[in-house]
Structure formats: C-alpha cells, structure tokens
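> kindly generate the corresponding structure for this input.
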Amino acid sequence: MDLDLSSEHALLRSTIRDFMEREVAPVVDEHERDHRFPVEVVRRLGEMGWLGIPIPEDEGGAGLDTLAYAIAIEEISRVWGSLGLIVAAHTSLGCGPLHLAGTHEQQQEFLVPMAGGRVIGGYGLTEPGAGSDAGGTRTTARHEDGPDGGSWVIDGGKRFITNAGQAGTYIVTARTGSKADGSAEISAFILPAATPGFRVGRLEDKLGLHASATGELIFEGCRVPAANMLGAQGEGFRTFLKILDGGRISIAAMAVGLAQAALDAAVPYAQTREQFGKPIGSFQGVAFMIADMATEIEAARALVWKAAWLKDQGRDFALAAAEAKLFASEVSSRATNAAIQVHGGYGYVTDYPVERFMRDAKLTEIGEGTSQVQRLVIARRILGLRIG
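Modelled structure (predicted):
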C-alpha cells in the first residue's frame, strides 16, 4: 500500500494551490462582499483545463481521474468555498450526466464546450417540494409530434440550483408519465439557457457561499427537441442516483478544503496570540481543539481519497462516497466552528476569514443529500434493510 500521491497528483495539487493563493485569494473578499459571481476567475480555470478534470479528452476534458478531481476541489475550496462549489456543480452535475448517459452527438455538441470551460453547466433537480424526495418531482414534460422525432414541452420549476443564471447548459429532470405502480416516471433533458420559455427566477440570499449563484429555474411551455432527451425515457431517476454518488465525492472534498482552511488559520493564531503572558496554543483547552481538528481532517481526507480511488478502479464506490460525504461535511462544521472558538471574539467578526469558513461549511451538510440522507444510504447498504 502506497499512501503517497503520484508525482502527477502532487504537481496538480501544488499548481492549483499556488494559483489559488497567488491569483485568486486577493479577490475573494470583494466578490463575497458584493455577492458577485467570479466570471473572470471561472474563465481562467476553464482556460487551464480545470473545469473538466475527470472528463475524457475525447469529450473535451483533461482526461484525469477522480482523485485528481477531488484534490482540485479541495485546493480550490481551501481558498474559496464559493468557487469550489461552482466548479463541483459544473463538473459533477453539469458535465457528469452527459458523460454518463449522453450520446456521442450530445457529448460533442454540449459536453465538449462544457468540459473545455467555454460553457458553464448546471443541474436542475431540486424543486420547492422535492429535495431529497426526487420522486416527488412536479415539473412535467409532454411529448408533441413533429419532424425529427418531435419535441418535449417542459412546464414547472426548480429551486436551489447552483450556477443558476450563469450556466449556458442545464441538465433538468421532469415527469414524463407514470410507471405501472403509479410512481413518477422521471426523464432527463438537456436545456440550453437560450431556450424560449425558460428563464431564471429569484436568486437566493444565502447564509454563506455568497459569490456562488443559487436560484430558481422556471419553465413555461419550454420546448426542446426530442434529441435533447438525455438517456432513455424514464431513466432520469436512475441517472440522477448515479450522478449523486459521484457528486458526493466532490462535496466531501469541498468540505475537507474548508476544514483545512480553518486549521490553517487557527494554528498560527494559536501560536502568536498571547494571553496571561504566553501563546494561547500552550493552553490545553486550545491545543486539544487543534489536535482534534488536525486528526479529523486527516481522517476525512482519507475517506474522500478512498472513495475517489474506488471509483477510478471501476469498483462499487457508493457506500464509500456516502461515508466520505457524511464524515467530511460534519468534520468541516466542527473544524470551522472550532477555528472561531480559537480566535475568540476576533473569530466572530469579518476582519478574519474563519467566520466565512463556518458559514460556507454548513452547505456541505445539506447539498448532494443531507447528513440524514447519507446515514440512510449507509445504514441500508450495511444492514440490507429498508430503513424509513
């Protein structure tokens, strides 16, 4: 067993870390303060090939593996959680379905420009009344006959969609009928942002991740060609489950990055901030918090890398991904909270970045399936029982 990163992975890690600290870190505060999407930074990432890291080269991507992708998301999120989320949603949820279920024609038309960084991707699954219960989807798509297989007319709406208003291509789910048992038949569609009948509604005012756009997608008689159905009719739910398995790795990596950022801030503060004539890190109460943070972050990173490795080996990674996402997200919340505690009153004000880390970390316990959903997934796999 070799626990060292390969030279390629180590180089990618150092390259992204250097770019983020040198080029991106100076602009984070202004974008977060103004709730401004980092258009120029995202464009730069695309130019460097970092918006399609795990996508094969013949589909427009960099052709690297899942571990490389997890490393990239961690390093990006370590400096800027909003940017980590933007890249993760674009890559896992925007590009991922096209890589998994797209035809060659669909991949060439839509995936190549997305993986190459020229078009941002988004994924429209969640609705006001359907989050973890994706089977409760109310958005509908009805087929109308016509040339070239006709078209699908989509009506309804989505909410809490990352990259809303910034994406040029969305993958959206809709009910296309009912199955024999009465459950919803869910299909997936490729929706260019310029499609008539489609518009972006309100953008959310969030607790954290202020430079990441999250908002509503609204469909009113939105017509797409039959060729824009992604996968077979009724296979959208199955595709969605597979995509979430992989997406959990990226959110877990984002959580590790935010936790590492908190530790990186807490350690020098504990070494230099003095009380009672000595550094606060010399007091057990502070020192033990640092020790717990460091230990849990290492364990979380190991789970993320294991899940990525299993995926790269073509093995069943669903359980490992759920475990990584559950543990890393909760570690991130604990670590960022501890960093504020180490900073004391200074941690509660915006002069120091640790309050932002805590606000950003909370999303990792919610997005891509809440912690409670992860526990259901894990327990069902281990026990082999249907747990409600």
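> now do the strands in the stretch 251-388 of the chain.
Per DSSP state E, counting those that start in this stretch, the stretch 251-388 of the chain carries strands over the ranges 274-275, 278-279.
> the last one pairs with which strands?
What that stands for is strand 278-279. Note on strand 278-279: by DSSP bridges, its sheet partners are strand 274-275 (antiparallel).
> so how far is the partner strand off the chain centroid?
Centroid displacement of strand 274-275 relative to its chain, using Cα atoms, centre = their mean, to the nearest Å, is 39 Å.
> tally of neighbours for S183?
Using other Cβ atoms under 10 Å, S183 has 10 other residues around it. C-betas here are computed from N, CA, C, even on glycine.
> enumerate every residue touching the closest residue to it other than its chain neighbours.
Once flanking residues are discounted, S183 sits nearest to G135: 6.2 Å by Cβ to Cβ, 6 or more residues apart in numbering. By Cβ atoms under 8 Å, 6 or more residues apart in numbering, the residues touching G135 are S183, A184, I186, F237.
> list phi and psi for the first one.
Note on S183: its backbone torsions stand at phi -80, psi 160 [degrees, to the nearest 10].
> next one: the third one
In terms of degrees, to the nearest 10, the main-chain angles of I186 are phi -110, psi 130.
> show me what it is bridged to.
Per DSSP bridges, the residues bridged to I186 are R175.
> strands of the stretch 101-250 of the chain, start to end?
So, for the stretch 101-250 of the chain - with DSSP E, counting those that start in this stretch - the strands run 121-124, 140-144, 151-162, 169-178, 184-192, 198-203, 214-225, 229-230.
> any idea which of these gets closest to T364?
strand 151-162 (12.7 Å; Cβ to Cβ).
> pLDDT of the closest one, averaged?
Throughout strand 151-162, pLDDT has a mean value of 98.
> V27: neighbour count?
V27: 15 surrounding residues under other Cβ under 10 Å.
> can you give me the buried ones in the helix or strand hosting it?
Using DSSP states H and E, V27 maps to helix 25-34. Of the residues in helix 25-34, those buried by neighbour count under the rule 16 or more other Cβ atoms under 10 Å are V28, H31, E32.
> between the residues you listed, which is closest to V200?
The closest of the buried residues of helix 25-34 to V200 turns out to be H31 (Cβ to Cβ; 19.5 Å).
> do I have it right that that closest one meets P38?
Yes. Between H31 and P38 there is a contact under Cβ atoms under 8 Å: 5.3 Å.
> on that earlier part again, what's the closest of the buried residues of helix 25-34 to E109?
Proximity of the buried residues of helix 25-34 to E109 (Cβ to Cβ) peaks at H31, which lies at 31.6 Å.
> can you pull the pLDDT of the residue nearest to that closest one when sequence neighbours are not counted?
Closest residue to H31 apart from its sequence neighbours, by Cβ to Cβ, 6+ apart: A211 at 4.2 Å. Model confidence at A211, given as pLDDT, is 98.
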